[in-house]
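J.: Sequence and predicted structure below; questions after.
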Amino acid sequence: MSKAIIQDTFGGPEVMGWRERPDAAPGPGEVLVRHTAIGVNFIDIYCRRGSIPLMKVPGTPGMEAAGVVESIGPDVTTLTVGQRVGYVMPAPGAYCERRIVPAERMIALPDDIDDRSAAAMLLKGMTAEQLLHKSTQATAGDTVLIHAAAGGVGLLLTAWAKALGCTVIGTVGSKAKVGMVREAGADHVIVSTEEDVVAAVNTITQGRGCRYIYDGVGADTFELSLKTVAKFGHVVSFGSSSGAVPPVNIAVLSPKCVVLSRPQVFPYIAERADLTAASNNLFAAMRKKIIKSDIKHTYALADAATAHRDLESRRTVGQIVLLP
């Protein structure tokens with residue numbers, strides 16, 4: 001027996017219960033992983049609420065974790081018992097002490113990448129890699145705007161974009177978050193609750209706007225993104241922490257010939273070769289100190305509901321990890 005966060009219905013953090021459940025044996029092509037650290041992402045909140053159709057109830061949230069292989073099923077030849085691994089799964093289920101997962105989705109963790117960093121960085125880091133290098137091709141000289149720049153993905157985007165030679169503008173919700181975004185590499189930080197974001201961006205860019213807008217906030221920032229994107233620019237809407245973006249008349253894109261996209265990381269890492277390439281790129285960026293694990297908050301796995309409350313209320317910054 002082991003324990004897991006299980007919810008029987010969709011709703012607020014209070015629906016998340018801490019319960020025992022039986023452990024099963026891995027089947028063909030599967031491994032049983034004992035988790036040592038579990039990443040928390042806003043997509044976990046969408047799953048808990050039922051906002052996106054990824055999880056059925058009763059179910060367990062969580063898309064990423066790190067741990068140790070405890071047993072292997074038939075036909076598994078690429079992993080060994082006792083090996084350190086991490087994973088990002090397109091289906092929830094990581095908020096638990098042990099989990100059976102497909103061996104082909106496992107990422108062998110190098111000795112210089114610790115478990116907590118892997119759990120905190122895999123999904124967010126490969127998301128940042130995908131946004132900067134695949135959904136767009138950010139290069140030196142580009143001016144980019146990153147909404148919620150103090151968040152887990154936001155800080156990574158800020159640091160990585162700066163390393164590429166971009167001029168980085170970040171928005172934050174409070175003055176308390178300005179320092180860490182500047183430390184990550186932002187050239188300009190706008191406190192969106194106190195400043196006119198459109199006016200500030202126009203001043204910074206001398207009215208030209210930003211070539212790329214990385215918007216993980218959604219409803220509250222989408223109109224700002226359209227107003228601050230440059231001619232022939234690209235608005236990348238990749239999250240909805242403030243709610244879903246309302247239906248859009250694509251004619252609003254035509255005056256500036258704007259590209260609008262709604263990517264997510266999972267299709268980019270669906271094939272084994274792509275998953276390996278993305279994780280290798282992430283680990284290389286970490287080794288070069290381009291980006292770093294910056295875990296600001298840890299919670300016991302049993303206290304996952306508290307982690308969700310803090311994340312939803314924007315009391316957190318950086319990365320969040322649950323510890324079994």
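T.: Nice, I can see it.

J.: Do a quick rundown of the strands in the stretch 151-300 of the chain.
T.: 167-172, 188-191, 210-215, 229-237, 259-261, 295-300 (DSSP state E, counting those that start in this stretch).

J.: just checking, what packs against the second one?
T.: Put plainly, it is strand 188-191. Packing contacts for strand 188-191, counted by 3 or more Cβ pairs under 8 Å, 6 or more residues apart in numbering; DSSP states H and E, involve strand 167-172, helix 178-184, helix 197-205. Glycine gets a C-beta too; all of them are placed from N, C-alpha and C.

J.: from the ones you listed, which stretch is densest packed?
T.: strand 167-172 (a mean of 27; mean count of other Cβ atoms under 10 Å).

J.: quick one: strands adjacent to it?
T.: Here strand 167-172 has these sheet partners by DSSP bridges: strand 143-146 (parallel), strand 188-191 (parallel).

J.: Could I get the buried residue list for the last one?
T.: In terms of neighbour count (16 or more other Cβ atoms under 10 Å), strand 188-191 has its buried residues at 188-191.

J.: circling back: do you know which of the helices and strands packed on strand 188-191 lies nearest Gly39?
T.: helix 178-184 (18.8 Å; Cβ to Cβ).

J.: The closest residue to Phe222 other than its chain neighbours: neighbouring residues, count only.
T.: Taking Cβ to Cβ, 6 or more residues apart in numbering, and ignoring the residues beside it in sequence, Phe222 has Val245 as its nearest neighbour in space, at 4.7 Å. Applying other Cβ atoms under 10 Å, we find 19 other residues in the vicinity of Val245.

J.: try His297
T.: 18.

J.: show me the contacts for it.
T.: Residues near His297 by Cβ atoms under 8 Å, 6 or more residues apart in numbering: 307, 310, 316, 318-321.

J.: now those residues as JSON lines including pLDDT and neighbour count?
T.: Below are those laid out as JSON lines (pLDDT from 0 to 100; neighbours: other Cβ atoms under 10 Å):
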{"residue": "Ala307", "pLDDT": "97", "neighbour count": "25"}
{"residue": "Asp310", "pLDDT": "95", "neighbour count": "16"}
{"residue": "Thr316", "pLDDT": "85", "neighbour count": "18"}
{"residue": "Gly318", "pLDDT": "79", "neighbour count": "20"}
{"residue": "Gln319", "pLDDT": "90", "neighbour count": "27"}
{"residue": "Ile320", "pLDDT": "95", "neighbour count": "24"}
{"residue": "Val321", "pLDDT": "97", "neighbour count": "26"}
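
J.: quick one: which of these sit in strands?
T.: 319-321 (DSSP state E).

J.: would CSV of these with distance to Leu301 be doable?
T.: Output for these, formatted as CSV (distance: Cβ to Cβ, whole Å):
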residue, distance to Leu301
Gln319, 16
Ile320, 12
Val321, 10
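
J.: What is the nearest of those residues to Phe232?
T.: Gln319 (33.9 Å).

J.: what kind of secondary structure is the residue nearest to the closest one when sequence neighbours are not counted in?
T.: Nearest residue to Gln319 in three dimensions, chain neighbours excluded: Ala120, at 3.9 Å (Cβ to Cβ, 6+ apart). Secondary structure, DSSP: H, G, I helix; E, B strand; the rest coil: Ala120 is helix.

J.: Please name the residues that touch Ala120.
T.: Listed by Cβ under 8 Å, 6+ apart, the contact set of Ala120 reads 37, 39, 152, 293, 295, 319-321.

J.: how close does it sit to Lys296?
T.: For Ala120, the distance to Lys296 (Cβ to Cβ, to the nearest Å) stands at 10 Å.

J.: Pull up the overlap in contacts between these two.
T.: In contact with both Ala120 and Lys296: 319-320, using Cβ under 8 Å, 6+ apart.

J.: Can you give the domain ranges for the chain?
T.: 2-122+266-323, 140-261 (automatic domain parsing).

J.: now the ones you listed as CSV including distance to Leu131?
T.: Listed next are those as CSV, based on distance: least, Cβ to Cβ, whole Å:
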stretch, distance to Leu131
domain 2-122+266-323, 10
domain 140-261, 6
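
J.: between those, which one is nearest to Gln130?
T.: domain 2-122+266-323 (4.8 Å).

J.: Would you mind listing the buried residues in stretch 91-108?
T.: Buried residues in stretch 91-108 (16+ other Cβ under 10 Å): 92-103, 105-107.

J.: How far does that stretch sit from its chain's centre?
T.: Taking Cα atoms, centre = their mean, to the nearest Å, the mean C-alpha location of stretch 91-108 is offset from the chain mean by 17 Å.

J.: for stretch 49-58, same thing?
T.: 18 Å.

J.: Nice, that's everything, thank you.
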